[in-house]
Each structure stands twice: as structure tokens, then as C-alpha cells.
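# sharing a sequence plus its predicted fold:
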Amino acid sequence: GREGSAGKDSSPSRGRGEGGRSRRLRSGCGGAKGPSFSEFIAAVRACDQVATAASTAASIAKIYLMIKGIEVKKFAPDSSTTGSAKIKEFQTKMEEMTKRLKDLKAKNANRRKTAYTQDSQKLVKQAEELAGQAAKIVELFGEEQLAKASEDQIRAAQEDVAKASEDARAAADEAERTILEAKDIGGLTQELTDLQQRFKSARMEVDKHMRLCSTVEHRLQALQLSEQASAKIKGLEEQATKMAELVAKVMEDSEGSSLQSAEDTAGVLNKEVMQQFRHLDLQAASRDEAMRDVAIRLQERLKPVAARCEEASTSLRLHRQKVAVKLAMAECSQRVTETEAAVKTAGEAEEAFHQAAQTGSQAAALTSLETSIKAANGAINSTKSLLSLKRVEVKRLAKELSSSTMEELESLQKRVDDCTQQLAQSKKVVADRQSEVMSRELAEKLSAAEKIFEACRALPKDETEVGELSSAAEALAELERLVNRRLAMRHKDSESNPSDANAVKQVEGMKAELETWQNQIRENETRLATQRLIKESFEIVDVLEKKMASTEEVAAPLDDADLSATVFMKHIIKALQESFVRTGESAEAVIGKMVAEDKVLEDKFISTLQELPELQVGDKVPLFTAEELGAAFRTMLPKGQQEVSKSQFLDVFKTRYACVSAVSMTDSLAIKGSKTLRKLAPAEVLQAVGEPEKDAASGVMRVKVKSDKDGREGFVTLRAINGTTFLQTFSPHQVMTTRIELAVDEMSEALGSTAKLLDTKLASGHLAELKAEVSKLRPRIAAVQLSLNALKKKLADSKRKISAVEAAESTRKQEALDRNEAEQITQRALQGMGLVRPQIKEAIPKAEELTAKGSSIDNIEALLSSEQGLEKLYEDLIQLRRKLEEDKSSVKYARSGPLAQVWDTVSTFLAEIWTPEERCMQLLHALQEKRRRLTADAHKAVAAALREAALKEGVGVQALFDRLRKDGSTIPVQESCGPFWGTVSRLRS
């Protein structure tokens, strides 16, 4: 390929595969004989390389000649002239060769450009030919040919199109690269521009053929859709034709007997058409172009069918309206005829009434007339309503039907109006007769009311109740009803009568007089009721205050009870019971050790319990302190006494239960068939008479108990099957708080009911006087509310305190161990501090005094003594600090209790020894430095003395050493040199 001859100039996009395809494409281009394009381009590039090398050599030669020309000018005049002429001759030859080289490069570039252009033309032509071959093959994919072609033919055509398109695209790509290379050489000429447009067009044609080839399956699906939809549409067209024939037959049926079936058929057809439209709409929205085209064509074919369906539906709707109008007009005409008959009957009844009036027996005729008028009036009203309803319905019909129907309705309405006018005369006759009867009745009622009011005027108003005036009120109400009815009738007939006005005036006078009497009586009753309500309100508040006082008495133990000690006593009793089991001794024998003269002594109680293994942990560490045991002992003291008897203490060990939920006490162990003795209330205390037993029938545990309240014995269930607890082990503070809670709840309910009752009475009495008296009760109720709130708060505080104490009891063993460990750590720390404190007071001031003085031989003994003391103190401080830090690290996670206090104590001791330790180290360094200086000075003095002695006696070093050491191997310092040598020796050490 071209890359093989191009060497380093080949681009990465033109690999071995592209080179092979390029050779195959160019070998198929045909043309004149001669070197191939690759060989020609390789020769051109080789020429370019040689020309480039020659150009480089020429440039080097020019530079060399220029340098030598400068050097020649430095020679002798003769040599310089000869050399310059020679160099100029060489430069002239170089210019000629450069010109020839330039011409050679230009010709080579022109040859390259011509070669690229010709090659591009061949490649573009080949691409166009391949695109034409693909176009011929693609003709098989037309709709008619595609429908007839077999699957093998389609697959073969697709493969041929793919191969031709691939070759055409490869030729176009190769032509594009060749044009781009030609453009890089000499720019884009018009000829290259034309070639560029040609290969782009060929590429577009190839892409078009490939798209058509790739959509064969979709087009086959579209053809299948077209066939199926065409068959469906053809069936719909046939149904539409049949529908039109059916509509024509229905239009001939004026009764509309077959109208419903025709409408159903039209609805089904219209539904199928709409479904087909929706299906085609979905296909028309598809991304496949072939599917969209087919769907659009089918929609156009379906539109006439939809129009025919719509036309049939419209015709059927119009025919239904005609049938409905016919039926409605028949109904209206019948109702008008019935109305006219009813009005005629009323007229006949009126004539009968007039004839009966002449004979004096008009009562039955009047009743018949009223009945006929009522029936005729009802018929007229119902017929008018029917006509109004039909008139509204007619307005909704088609225009061609509504106009003619409205005219028929107007004629019927006119007939009904005529009936109304005929009936009005008969109504007037009845109204006159009713007016006459009502006038007579009004006169009778007015006379009776006058007699009742005369009797009421004679009654004493101070002693009369409002109920005694009920007869007058009822008579007046009946009279007022008649007058109002009379006036309403006169107003309707637009008539007036002076007698009616007099009757109204009399009734209003009676009404005003009756209201005056009623107001007087009500005021008397209100005054008496207000006094009664005030008395009752004060009595209610008195009861409330007494109840609050009793509640405070129940809650009095909250102020006196030592809750912590009560919890301590509970654990002590449990420990004593465990000790009874461990030792096998009876409670009386163990408690006898604490008793003297039948009294339990507090000191023996405390000492015995402190030695009890059940109240110890670890290495005999007591769980309770002596103060806690004393507080627990005092909880057994009866109120007002200072001693506890032996029987009272033994009574503590009896098993007791407290009732936590209401439960029945029965006479036997078995629940079934037992008799209920009585109900147990919450917080009631019971003494166990026997051990808990299981009821075989119910499966629950029951125990025989004796009530402390009334001494009654019976069986009680401990816990129900559903988990409800009835009895719990007796706890004094729990029973106390339960009783107080019940009393507080009962008091809260009483307070709320009292407030509601006062509000009710306040609303029912005379407001001003009652409010003034009730306001005097507000401070008393508020005081009760404050007392109740304080009691609730005290109860809540007590429960929290009990919970806190019980929670603390769960960790008492650990606290006892912590307390023992804290005492040991504190004792060790105090011993260590007691050891170092005297040393600090003695050694540090003495060392500070020595360091302040100068160094001399006189204080050498004190210096050494002080250094030894500081060294011992420093070692003791280091050892103590390590022990304190170990103890502090062991309690670093403690956040409360004795160990937390140990942390503070050890931290204080560490802070106390930190400064002396630092000071001790500083002073020790200072004393050691003084000692080193004195040692050095002493050595210098001894050396000088020895040298002076040797010189004075004229002996050598060995002879002086032998004299001083005598018979030993070393010099005896103390004997030979006296105290001075001893001091020097100690300084060195």
C-alpha cells in the first residue's frame, strides 16, 4: 500500500487493512499501463528526500564558504586575494546548483499533485459506479417487488447491497483522503472541489441505499400491517353500507320499534372505527418511516367510513327525537283532557251546592265542592308543571323539531289557562263560605278567652306559678291562630273587615296582659331559685374542702417516710430470709441474737447485719454502711414509739401481697363453681395464709390470703392467663403511693365535677346576684386546686426518688466494692504522701541554702549529705508518682461514686508533688555540678602538690608511686594523704 512506500509520513488512520483495500480499489480502476500510483508516489518521495539532503548539504556548504571567506581575509594580501577569488567562484557554483535544486523540487511537487488528482478522479469514478450498482440492486426493495420477493431473494439482495455499499464507501473514503493529501500539497483547486462534491454525493447515495436495505424488515411489517388493516377497513366499509340500509328502514318506522337495535348496531360500528383510528394513530407516531406512511394512507381510507358512521348516528338521533316528541305530545294532550274533565266536575259540584243552599242542606254539597276544587286544582298544577318540563326538553331538540312542537305546547297551555279561569269562580264560592264559618268560630273563641282571662285576673300573682296560666296561654294561642288565618285569607282576597281589626286589637291586649303576669311570676321564681343555688354552691365547696383534707391525711406519709431506708429494709429482709435457708435456723433463732428483754436493739441489729454473708461482697466488704442500717431499723418503729418488739420484727418476715387490680376473693381454690366472698380494691394489703397453688381447670396460680382490712380469708388469683397482674409482693412504699394516687385521682374528679356543677348552676340562676355570690367561692376552690397540685408534685417527686433508690440498689454490690477499693487507694496515697512530705520540708530548703552559697572545702560534707537526701527524695517522689498515676488510670472511667472522688483526691496529690519533684531535680543537678567543680579543683591541687614534691626530692614518678603505695598495689589515701585525700575521694564518688 501507500504506507509501505511513505515510511514515517504515513498517518495512523491508514493501517494495513486500509492499505490492502487501497491496493484492491486502485487495481480495479483500470487505466494506462505504467507504474502504479504507490510506486509513483514512492519515487516522488524518494526524489524529495534526495532533494532535501542536497538542500541541507548546500546550506552547510554556504555556511562553510562564508566562514572560510572571513578567515581568508586574515591571511597575507596575496594569499587573501587568491583565496577570496577562489571562494567567490565556489559560491557562484553553489548558487547555480541551488537554482537547479529549486527547479527540481517544483517539478517534483507538480508531479505529485498531478498524480494525486488523477488518482482521486479514478477513486471517485469507482465510488460512483459502485453506488450505481447498489442502486440497481435496491430496486428489488420497492413495494411491489418486495411483496413478491422470497426470503432468500431478499437476503441475497441485502448481502449484495451491503457488499457494494461497503466497497463504494471505502472508495469514497479513499478518495477523500487522497483529496486531503492533494490539498495539503498545493491547495484546493476547482477540480479537487468538484471531485469532493462528487464523492460526497456518492457517499450520500450509498447511505440512502443502506438505510433502505436496513429497513426491509420494518417495511415488510408495514406491508403486513397494511394488508391486515385493509382487510379490517374493507369489513368496516361493508358494515357501514349495511348500516345505511338499516337506517333507511328505521326512518320509515314512525313508532320507533327497531330504533334501539339500530342505535346499538351503530354504536358497535362506531366503536370499531374509533378503535381502528386509535391503532393507526399509534402506528403513525412510530419512528419507522415506512410504518408511518402506511398508517397515514390507511387513515385517509378510513375517514369516509367514519363520516358514514357519523351520518347514520345523526339520522338515528334525529329520528329518536321525533318519536320522543310524538310520545310527549300525546302525554300532554291526555293530561290536558283530564284537567278539563276535572274542572267540569268542579263546575257541576258548584251547581249542586247552589241548589242545596236553597233547600238548606248545603254541608254535604260544600264538602263535595271542596273535594272537586282540590282535585281540579291539583290536576291544573301538575299539568302546568308537565308542560313547563316538556317546554324545556323541546328547547334542546333540533331546530326543525322545536319550532313546531313549541306551537303545539302553547295551544295546550292556552287550554289549561281557560280551565284555571273556570275554576276560580268555584274557589270564590268556597272561600266565601269558609269566611262565614271562620267568623262565627272566631267570635266563639274570643268569648271563651275573655272568660278565662277574667278568672286569671282574680288570682294573687305573688303565690301563682307560671304553669297555672297555661289555660289562658293555650286559649290565647288558638285565638291568635284563627285571627292570623282570617287576616291571611282577607289579604289574599284583597278585602278588609272592621270586625277583624277589633278582634286583632282584643287579642293583642290579652297577649300583653298575659306577658305581664308571666314576667311577674318568673321574677319571683328566679329570686327563690337563686337563693337555693347559692346555698347549694356553698355546700358543694364545703364538701370539696373536707375531701381535700382527707386526701392530705392519706398523703401525710410522704412527708415522714424515709423512702431510701424503706428500700434498704426490703433488701435486708430478703438477705435475712436467704440466710435462714443457708444456715437452716429459724427466723426466731436468728432474731433472738438481736433481742434483749423482748426488744430489738439497734446496735445489735447493725452489728449482726454487717457480719451477715448475704450482705457482704468480695473480701467481706459490707453492702450497707452503719448509717444506712440504722435508717432501715428506724423504718420498723411504730408511730410515736422508740422501740421495736420481737413480735413486730418477726411480723415483717410474713409473706404479704398488695392488690394492684380489682379482683374477686372466692371461697375455694377452683375458680369454677366457687362463690365470690367480696371484691378486693387496689392498694389493699393481704397476708398469705398458704403457699400459691395452681388451679388445674383454669391453669392459673392462686393463693389463700387474709385481708388486713377486715380479716376475711379466701383464694385470690395472682396473675390471669392474658398477663393481667392482680397481686404483687407487698412493698410498703408501693402501697403507700398507690393509695395516694387513688386519693389524688378521686380528688381531681371531685374538683372537676364541682367546677362543672357550679357552672351549670351559674347558667341556670339569676346571673348578676348568683355571680356575685359564687365569686366568693373562687378563692376557696383555687386554694383546693393549689393544694392538689402541690400534692401531685410531691407524689411525683416521691415516685422519682423511689425509682432512683431502686436503680441505685441494683448496683449496690459494685458500689460497695468500689467504696472498698477507693478506701484502699486513698490509704496508700495518704501513706505515700506522709512519707515524702517531711523529706520535702527538710531536704529542699537545705539544698536551696547550699546552692545559694559558694563552693568551698568547708561545706563539702554538707553538700554530699544534701545530695544524698535529694536523691532519696527524688526516688521516693518518682515511685509515689508512678503509684498515683496507676491508681488514677484504674479509675479513669468512673463518672460517679467513691471512685470518682478517688480521682479527685489522687489528682490533688499528683498536683501537690509535681512542683517538689521538678524542684528536687533542679537542685540535684545544681549540687552535682558543684561537686564536679570541687572534684576538678581538688585534682588540680593534688597534681600540683605531687609535681612539687617530686621536683623537690628529685625522684621520678615511679619512685614516688612506690614510696606512697608502700607494700600495697595502690596508694592508701587516708593513711598517705590524710583528710584531704579522703575528701577528694568522696567528691569523685
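Perfect, I can see it now. These figures come from a predicted structure and were not determined experimentally.

# what's the helix or strand containing Thr339 packed up against?
With elements taken from DSSP states H and E, the one containing Thr339 is helix 289-359. Helix 289-359 sits against helix 216-252, helix 259-284, helix 363-395, helix 399-457, with contacts defined as 3 or more C-beta pairs under 8 Å, 6 or more residues apart in numbering; DSSP states H and E. Heads up, the C-betas are built off the backbone N, CA and C, glycines and all.

# hmm, try it at 10 Å
Packing contacts for helix 289-359, counted by 3 or more C-beta pairs under 10 Å, 6 or more residues apart in numbering; DSSP states H and E, involve helix 143-148, helix 216-252, helix 259-284, helix 363-395, helix 399-457.

# what lies in contact with stretch 50-64?
If you take C-beta atoms under 10 Å, 6 or more residues apart in numbering as the criterion, stretch 50-64 is touched by 87, 90-91, 93-95, 97-98, 100-102, 104-105, 108.

# can you list the buried residues in it?
54, 61 (16 or more other C-beta atoms under 10 Å).

# so for it, mean pLDDT?
Stretch 50-64 shows a mean pLDDT of 87 in the predicted model.

# and the nearest residue to Ser748 once chain neighbours are set aside, what does it touch?
In space, and not counting its chain neighbours, Ser748 is closest to Leu788: 6.6 Å by C-beta to C-beta, 6 or more residues apart in numbering. Contacts for Leu788 (C-beta under 10 Å, 6+ apart) come out as 548, 551-552, 744, 747-748, 750-751.

# now tabulate the residues you listed in JSON lines and tack on distance to Pro898 and pLDDT.
Below are the contacts of Leu788 laid out as JSON lines (distance: C-beta to C-beta, whole Å; pLDDT from 0 to 100):
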{"residue": "Met548", "distance to Pro898": "45", "pLDDT": "75"}
{"residue": "Thr551", "distance to Pro898": "42", "pLDDT": "71"}
{"residue": "Glu552", "distance to Pro898": "40", "pLDDT": "69"}
{"residue": "Val744", "distance to Pro898": "38", "pLDDT": "71"}
{"residue": "Met747", "distance to Pro898": "43", "pLDDT": "72"}
{"residue": "Ser748", "distance to Pro898": "43", "pLDDT": "74"}
{"residue": "Ala750", "distance to Pro898": "49", "pLDDT": "73"}
{"residue": "Leu751", "distance to Pro898": "47", "pLDDT": "70"}
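
# between the residues you listed, which is closest to Arg882?
Minimum distance to Arg882 across the contacts of Leu788 is 59.8 Å, recorded for Val744 (C-beta to C-beta).

# burial count for the closest one?
Neighbour count of Val744, defined by other C-beta atoms under 10 Å: 18.

# doesn't Glu885 make contact with Gly832?
No. In this structure, Gly832 is not within contact of Glu885 by C-beta atoms under 10 Å, at 11.9 Å.

# pick out whichever of these two has more residues nearby.
Summary of the neighbour comparison: Gly832 and Glu885, criterion other C-beta under 10 Å, with Gly832 having more neighbours (19 against 12).

# next SSE after the helix or strand in which the more buried one is found?
In this assignment (DSSP H and E), Gly832 forms part of helix 812-852. Of the helices and strands lying after helix 812-852 in sequence (DSSP H and E), the nearest is helix 860-890.

# I'd guess Lys654 is in a helix, am I close?
No. Counting by DSSP: H, G, I helix; E, B strand; the rest coil, Lys654 falls outside a helix, being coil.

# that one against Val685, yeah?
No. Contact criterion C-beta under 10 Å: Lys654 and Val685 do not qualify, at 11.1 Å.

# give me the more crowded residue out of these two.
More crowded of Lys654 and Val685, by other C-beta under 10 Å: Val685, with 16 against 10.

# can I get the buried part of the contacts of stretch 50-64 as one PyMOL selection?
Applying 16+ other C-beta under 10 Å to these, the buried members can be selected in PyMOL as follows:
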select buried, resi 87+98+101+104+105+108
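
# tabulate the contacts of stretch 50-64 (a markdown table), appending pLDDT and distance to Glu539.
Below are the contacts of stretch 50-64 laid out as a markdown table (pLDDT from 0 to 100; distance: C-beta to C-beta, whole Å):
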| residue | pLDDT | distance to Glu539 |
| --- | --- | --- |
| Ile87 | 87 | 150 |
| Phe90 | 87 | 150 |
| Gln91 | 86 | 147 |
| Lys93 | 88 | 150 |
| Met94 | 87 | 145 |
| Glu95 | 88 | 146 |
| Met97 | 89 | 146 |
| Thr98 | 88 | 142 |
| Arg100 | 88 | 146 |
| Leu101 | 86 | 141 |
| Lys102 | 86 | 139 |
| Leu104 | 86 | 141 |
| Lys105 | 81 | 136 |
| Asn108 | 79 | 136 |
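
# just confirm Arg287 is within a helix.
No. Going by three-state DSSP, the assignment for Arg287 is coil, not a helix.

# can you give me the distance of it to Phe277?
Separation of Arg287 from Phe277 (C-beta to C-beta, to the nearest Å): 20 Å.

# now do Leu298
Taking C-beta to C-beta as the criterion, Leu298 is separated from Phe277 by 10 Å.

# more crowded one of these two?
Neighbours per residue (other C-beta under 10 Å) separate Leu298 from Phe277, with Leu298 holding more: 23 against 16.
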